[in-house]
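Undergrad: got a predicted structure plus its sequence, pasted below:
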Amino acid sequence: MGFPISAGLLDSMVLSVVDREDTYGYEITQFIRSAVDVSESTLYPVLKRLQKNELLENGVIDCIWSSFSMSGRADEYTWAGPYMYSHQVVAVMPDSDIQTLADLAGKTVVVQATTKPESLFLDGNDPRIPEIRALHSLQKRELIYSYLAKGYADAVAAHEISILQFMKDYGVEFRILEEPLEAVELGVAFSRSDDRGIAQALSATLEEMQADGTTRSILAGYLADPDKYLEADGYAD
């Protein structure tokens, strides 16, 4: 029978398996899942992050700059930023009676497999997320929106920018709930042993870009409401 474990212990377990022998990601997940109560959607992001950490510590890369969340990792890296905020959200059809996360109780939600929204629903650690009827995980991102539009699910959970881009590209109208599943700071991660001063210089540059409007101008080229992604309180409470 499995038992719940902390993120730190999960990291240690993955590293211990890798240290013993060269192992593929699938084999690692199956081995760990045989011992503890953890989903694949929780394990795969851990594997990807640890791989990035190895490249960073070995000097193969200078930094990690790929929608990398600062939340919960303040002591793991030397950070530049945050430079913007990332939102995982829930979207529904315009005429849906779902207005808040609480209204998802007893509903069917569709997500892309191995993404953050999937782990948020499977882990059950957020008291704001009610017990839903079913969670459908699809491999291809574009299919989750068609799944919602055809009525196979009551709601879709995904990165907000992904939803907005799909609506723009295909002329489909969804309604995004005001209450986000998750809002996190995005930053640029450097090794804590990196003493070159690049992180500090980049932080100063990012602050200048925000102050003179450069960051907002860049975001405005892609997003209708760039200010929402530059403020921690970009969503209504």
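TA: Nice, I can see it.

Undergrad: CA only for contacts and neighbour counts going forward, please
TA: Fine.

Undergrad: what residues sit buried inside stretch 71-78?
TA: Using 16 or more other CA atoms under 10 Å as the test for burial, stretch 71-78 gives 77, 78.

Undergrad: and the end-to-end length of it?
TA: In stretch 71-78, first residue to last residue: 13 Å (CA to CA, to the nearest Å).

Undergrad: what's that stretch in contact with?
TA: Identification of contacts with stretch 71-78 by CA atoms under 8 Å, 6 or more residues apart in numbering yields 184, 185, 189, 190, 191, 192, 194, 199.

Undergrad: hmm, which two among these are most spread apart?
TA: With distances taken as CA to CA, the most widely separated pair in those is 184 and 194, at 24.4 Å.

Undergrad: roughly how far does residue 52 sit from residue 66?
TA: Counting by CA to CA - residue 52 and residue 66 are separated by 11 Å.

Undergrad: looking at the two, which is more packed in?
TA: Using other CA atoms under 10 Å as the criterion, residue 52 and residue 66 rank with residue 52 on top: 16 against 10.

Undergrad: that one and residue 63 touch, don't they?
TA: No. The criterion here is CA atoms under 8 Å, and residue 52 misses it with residue 63 at 9.1 Å.

Undergrad: show me which strand runs longest in the chain.
TA: Assignment by DSSP state E gives strand 78-92 as the longest strand of the chain.

Undergrad: adjacent strands (with direction) for it?
TA: On the basis of DSSP bridges, the sheet neighbours of strand 78-92 come out as strand 155-159 (antiparallel), strand 175-176 (antiparallel), strand 182-190 (antiparallel).

Undergrad: determine how far it lies from the middle of the whole chain.
TA: Distance, stretch centre to chain centre, for strand 78-92: 8 Å (CA atoms, centre = their mean, to the nearest Å).

Undergrad: can you give me the buried ones in that strand?
TA: 78-92.

Undergrad: returning to what we had before: quick one, which of the contacts of stretch 71-78 are buried?
TA: 184, 185, 189, 190, 191, 194, 199.

Undergrad: so which of those is the closest to residue 146?
TA: So of the buried ones among the contacts of stretch 71-78, ranked by how close each gets to residue 146 (CA to CA), first place is residue 184, at 27.1 Å.

Undergrad: which residues does that closest one contact?
TA: Contacts of residue 184 by CA under 8 Å, 6+ apart are 69, 70, 71, 85, 86, 87.

Undergrad: mind redoing it with 10 Å?
TA: Residues counted as contacts of residue 184 (CA atoms under 10 Å, 6 or more residues apart in numbering) are 67-72, 82, 84-88, 232.

Undergrad: confidence-wise, which of the residues you listed comes last?
TA: In terms of pLDDT, the lowest of those is residue 232, showing 55.
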